[in-house]
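> give me a 3D structure for the following:
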Amino acid sequence: MAASAGAGYAQNRYIPAHVDSTITYEDIATFPRPGCSAPDSIAFSPDDSVVTYLASSDGSLSRQLYAMDIASGQVRELCKPPTGTGEEETFSLEEKLRRERARQLHTGITSYAWAEGAKETGKILVPIGNELFVQEGLNGALHRLFDPLVLLAADALHTDTTLPPILDARISTDGQMVGFVWDRELYVVSTDCKSKPIQLTHGVRGTELTNGLADYIAQEEMDRYEGYWISPDCGMVAFEQVDESHITKYRIMHQGSESIGATAQEDHHYPFAGAANPIVKLGVVATSGGEVQWYDLTARFGPDVYLARVKWFPDNTMVLQIENREQTQLELLRINTVTGETSTLFVEENPEWLNLHNMLTPLKKQSAFIWASERSGYQHLYLYDNSGKLLLQLTDGEWIVEDVKSVDEDAGLVYFVGTKSGWLDRHLYTVPLAGGEIVQITQESGMHNVIIDHKRKLFVDQCSSATMPFRVNVCSLSDGSVVRTLYQNNDPRLQRLSLVTPSFVTFPSSDGKVTLQAAYLQPDQDKFGPGPYPTIVPVYGGPHVQTVSNSWTLTADLRSQFLCSQGYLVIKIDNRGSSRRGLLFESQVKWDMGNLEVLDQKAGVQRFVKQGLADASRVGICGWSYGGYMSAMALARAPETFHVGIAGAPVTHWDGYDTHYTERYMGTPQSNPEGYQRSSVMAHVDKIEGSLLLVHGLIDENVHFRHTARLINSLIRAQKHYELLLFPDERHSPRSLKDRIFMEQRIHSFIQRTLGMGK
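Predicted coordinates for the structure are as follows:
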């Protein structure tokens, strides 16, 4: 049960009685984190003479477009959004939801794209606000493609005077046209800045269909944000049509809104686990307009399938990745759009589940492609011919390939990033297309994200480590040496804040079957003594996330740094089920979530207790989303170890989450009822003995507040005390700075009141 609340209050506000730190609550709540504001969306110009990128001039979330000449090192601003555009409050609901799917916090200019095939002019597409602009090369003027009002004037079926947003704009490889979606229909427009947009798809007005937009499941769970694909010759465009009309709407009320009625509510077609999914079709239409050719996606697995990926090959054929509902089989279906002929290249299978990836890479000079598979338990590269025959396995071992970055067919080399040097790092490697020795190119320890130029001479290396803030260099692809520094981190906060470098350890799981890795921050011994210390365990714990890595993001976690400065030992542990350790490590949670994960977190705490660093009687755990689920489950399933839990936006019963994510790991509620019951927090609340703080945004359309409400009902029935912190205007990722500051104050107050102070 929670301790008395009196000690932590001051003037009726949740302000801790003792705060002695260079880190403030505003520091903790401010994005980007100190040392993390590095350029991103980095690209080489088509002639490889220039690197373009998005960055902030003042270290804020608002971004502008910059270009650096590689030869001279000269940097200049290409464009920035007009005052008042591209900011959070200006986005439409559709745009806000897409940003939420992509976990995008940056504002200003949030995307741009080179026309990769337009080497002479080097056209750049820059969406700004609700308008589209194209720049002719680096020195040309920025021209608006068209006035969005012409869309309203040309569409007699659109009766609302409100202008819908222009979504998902993309430029063709030849730079001659831009595609976009407006009012749920697909359009293209010439880049001559004189022509009117051409509407390519029709028929969704007055229905609940969409053309050209990725559905919710694709965006949220499949890492696919595009819903249309322009062919290499720019003569055709494939698009996804989505029908959600048969899915029951889930209503979210804006309880904190000043208004009432339609503007104070949202209705979402949410596909709950075990229930209906969207119906997805694939069509192809000429970019000049005309009749749509539809293709059957259901021949192998039936109608209940996922359209996971669409990829045009250089010969203007398409390869679709179609996944069965159980996510244990993935068909690579090739379509000849000229003849209409379809053929199955092969079917990837795994009895556990299939993790989708973006590594299907067609070769241009030979009839072959590269594919990545986890069939060995670790993700590796394979070479196939275009008929689907396996030619060669390119990589192997107890490590994973994470992404294919480039293929140099002339030199016969594949460039990729992966974990061959260890789970904590990411490096750039090369392997011969004919098979052979793997060579590591990046040498400095840490996490490397790279972009390779078109000529395979240079690459941009965005790297960091636990001891080095983010920096960006242009490097030689031959030996990794630095050619030009693009960005050196001079964040002034780094001078003011006293950040502790995390220490890394490994230890065996409680059953001895695997080695786990952890990072920890130890309080200043001169100030707080040698320990044991009250302990906080920040956790995520779910698939597709690695918490413990040799990255500056680990060091720049200011909540953890703040708690350490207050005398708390902070431990982060990657339990089984976490990412970047291979499918063998990840899949051990199948059909039984919230069990092994808690046992592994418990084993980590016990390791630090035996070492004399963690106070066994004062251990708290905190997390968000899956981490919120883990916090509540740890408090319920390991009450002898965890005494305080902070559960932010927790999934509390998996029958309330979406199909694609949940069923990948748990099956359906119909096929695995015992597993769903066992993996629910509500099944274990009677064992809770410690203090629980629940935090949730009321308009969270991903993990609905219903999860927390259902848990509260169980807590009341079990007569268990809890505390509740709600944010009426927040979704799954809190965006308001004031909300985040208030949340950090409340969380710290709760920790002090329930675990005691570190001193």
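
> how many residues are close by residue 77?
Using other C-beta atoms under 10 Å, the number of residues around residue 77 comes to 11. No exception for glycine: its C-beta is placed from N, CA and C like everyone else's.

> hey, what's it bridged with?
Counting by DSSP bridges, residue 77 forms beta bridges with residue 66.

> show me the contacts for it.
With contact taken as C-beta atoms under 8 Å, 6 or more residues apart in numbering, residue 77 is in contact with 57, 64-66.

> by neighbour count, which of those wins?
Going by other C-beta under 10 Å, residue 65 tops these with 23 neighbours.

> what about that one, distance to residue 454?
To residue 454, residue 65 is 20 Å away according to C-beta to C-beta, to the nearest Å.

> the residue lying closest to residue 728 once chain neighbours are set aside: what secondary structure?
In space, and not counting its chain neighbours, residue 728 is closest to residue 256: 2.7 Å by C-beta to C-beta, 6 or more residues apart in numbering. Classification of residue 256 using DSSP: H, G, I helix; E, B strand; the rest coil returns coil.

> tell me which stretches of the stretch 1-150 of the chain form strands.
Using DSSP state E, counting those that start in this stretch, the strands found in the stretch 1-150 of the chain span residues 40-44, 50-55, 62-69, 75-79, 107-108, 113-114, 123-128, 131-136, 142-144.

> what comes up buried for the fourth one?
Of the residues in strand 75-79, those scored as buried under the neighbour-count criterion (16 or more other C-beta atoms under 10 Å) are 78-79.

> now do the residue lying closest to residue 171 once chain neighbours are set aside against residue 137, distance only.
Excluding its sequence neighbours, the residue lying closest to residue 171 (C-beta to C-beta, 6+ apart) is residue 125, at 4.0 Å. In this structure, residue 125 and residue 137 are 13 Å apart, going by C-beta to C-beta.

> for the helix or strand harbouring residue 516, packing partners?
Assigned by DSSP states H and E, residue 516 falls within strand 515-521. For strand 515-521, the contact count by 3 or more C-beta pairs under 8 Å, 6 or more residues apart in numbering; DSSP states H and E identifies strand 503-508, helix 558-565, strand 569-574, helix 596-610 as packing neighbours.

> where in the stretch 551-700 of the chain is pLDDT low?
The stretch 551-700 of the chain contains no residues with pLDDT under 70.

> ok, which stretches of it are strands?
Secondary structure of the stretch 551-700 of the chain (DSSP E, counting those that start in this stretch): strands located at 569-574, 614-624, 644-648, 691-697.

> do the same with the stretch 301-450 of the chain
Under DSSP E, counting those that start in this stretch, the stretch 301-450 of the chain gives strands at 305-312, 317-324, 329-336, 342-349, 361-362, 368-373, 380-385, 390-393, 401-408, 413-418, 427-432, 439-440, 447-452.

> residue ranges with poor pLDDT in the protein?
The model of the chain has pLDDT under 70 over residues 1-21, 59, 61, 81-107, 118-121, 156-161, 261-262, 758-759.

> select the longest helix from it.
Taking DSSP state H as the criterion, the chain has its longest helix at helix 737-755.

> quick one, it and helix 558-565 angle?
Interaxial angle, helix 737-755 versus helix 558-565 (axes from the mean of the first three to the mean of the last three C-alpha atoms, to 10 degrees): 40 degrees.

> buried sites along helix 737-755?
Across helix 737-755, burial judged by 16+ other C-beta under 10 Å covers 739-755.

> in PDB, could you pull the C-alpha coordinates for that helix?
Coordinates of the C-alpha atoms in helix 737-755 are reproduced here as PDB (Å, rounded to 0.1, in the frame of the first residue of the first chain):
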ATOM      1  CA  LEU A 737       5.900  20.600 -22.700                       C
ATOM      2  CA  LYS A 738       3.800  21.800 -19.700                       C
ATOM      3  CA  ASP A 739       2.200  18.400 -19.500                       C
ATOM      4  CA  ARG A 740       5.500  16.700 -19.500                       C
ATOM      5  CA  ILE A 741       7.000  19.000 -16.900                       C
ATOM      6  CA  PHE A 742       4.000  18.400 -14.600                       C
ATOM      7  CA  MET A 743       4.300  14.600 -15.200                       C
ATOM      8  CA  GLU A 744       8.000  14.600 -14.200                       C
ATOM      9  CA  GLN A 745       7.100  16.500 -11.000                       C
ATOM     10  CA  ARG A 746       4.400  14.100 -10.100                       C
ATOM     11  CA  ILE A 747       6.500  11.000 -10.900                       C
ATOM     12  CA  HIS A 748       9.400  12.200  -8.800                       C
ATOM     13  CA  SER A 749       7.100  13.200  -5.900                       C
ATOM     14  CA  PHE A 750       5.600   9.700  -6.100                       C
ATOM     15  CA  ILE A 751       9.000   8.000  -6.000                       C
ATOM     16  CA  GLN A 752      10.100  10.100  -3.000                       C
ATOM     17  CA  ARG A 753       6.900   9.400  -1.100                       C
ATOM     18  CA  THR A 754       6.900   5.700  -1.700                       C
ATOM     19  CA  LEU A 755      10.600   4.700  -1.900                       C
END
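
> related to what we said a few turns ago, would TSV of the strands of the stretch 301-450 of the chain with distance to residue 501 and mean neighbour count be doable?
As requested, those are exported to TSV (distance: least, C-beta to C-beta, whole Å; neighbours: other C-beta atoms under 10 Å):
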stretch	distance to residue 501	mean neighbour count
strand 305-312	40	21
strand 317-324	42	21
strand 329-336	42	19
strand 342-349	41	15
strand 361-362	38	19
strand 368-373	34	21
strand 380-385	33	19
strand 390-393	39	14
strand 401-408	25	20
strand 413-418	24	23
strand 427-432	21	20
strand 439-440	24	12
strand 447-452	15	21
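
> ends of stretch 173-181, how far apart?
18 Å (C-alpha to C-alpha, to the nearest Å).

> just give the closest residue to residue 313, not the sequence neighbours.
residue 362 is the one closest to residue 313 (C-beta to C-beta, 6+ apart), at 4.5 Å.

> repeat that for residue 318.
In space, residue 318 is closest to residue 335, 4.5 Å off (C-beta to C-beta, 6+ apart).

> which residues touch the one you found?
So residue 335 contacts 295, 317-320, 341-342 (C-beta under 8 Å, 6+ apart).

> name the residues linked to it by a beta bridge.
residue 318, residue 342.

> now do it against residue 179, distance only.
19 Å.

> same check, this time on residue 432
Taken as C-beta to C-beta, the span from residue 432 to residue 179 is 37 Å.

> same deal with residue 643?
Here residue 643 is placed at a distance of 55 Å from residue 179 (C-beta to C-beta).

> one step back: test my guess that the residue nearest to residue 728 contacts residue 729.
Yes - between residue 256 and residue 729 there is a contact under C-beta atoms under 8 Å: 5.2 Å.

> so can I have CSV of the contacts of residue 335 showing distance to residue 210?
Shown next, in CSV, are these (distance: C-beta to C-beta, whole Å):
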residue, distance to residue 210
295, 18
317, 26
318, 20
319, 23
320, 19
341, 28
342, 24
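
> which among these gets closest to residue 675?
The closest of those to residue 675 turns out to be residue 320 (C-beta to C-beta; 31.4 Å).

> residue contacts, that closest one?
Contacts for residue 320 (C-beta under 8 Å, 6+ apart) come out as 282, 295, 297, 307, 309-311, 331-335.

> contacting residues for residue 463?
By C-beta under 8 Å, 6+ apart, the contact list for residue 463 reads 442, 444, 446-449, 470-473.

> can you rerun that using 10 Å?
38, 425-428, 442, 444-450, 470-473, 475, 551-552 (C-beta atoms under 10 Å, 6 or more residues apart in numbering).

> would you say residue 473 is within a helix?
No - under three-state DSSP, residue 473 sits outside any helix and is assigned strand.

> that one and residue 39, how far apart?
Taking C-beta to C-beta as the measure, residue 473 falls 11 Å from residue 39.
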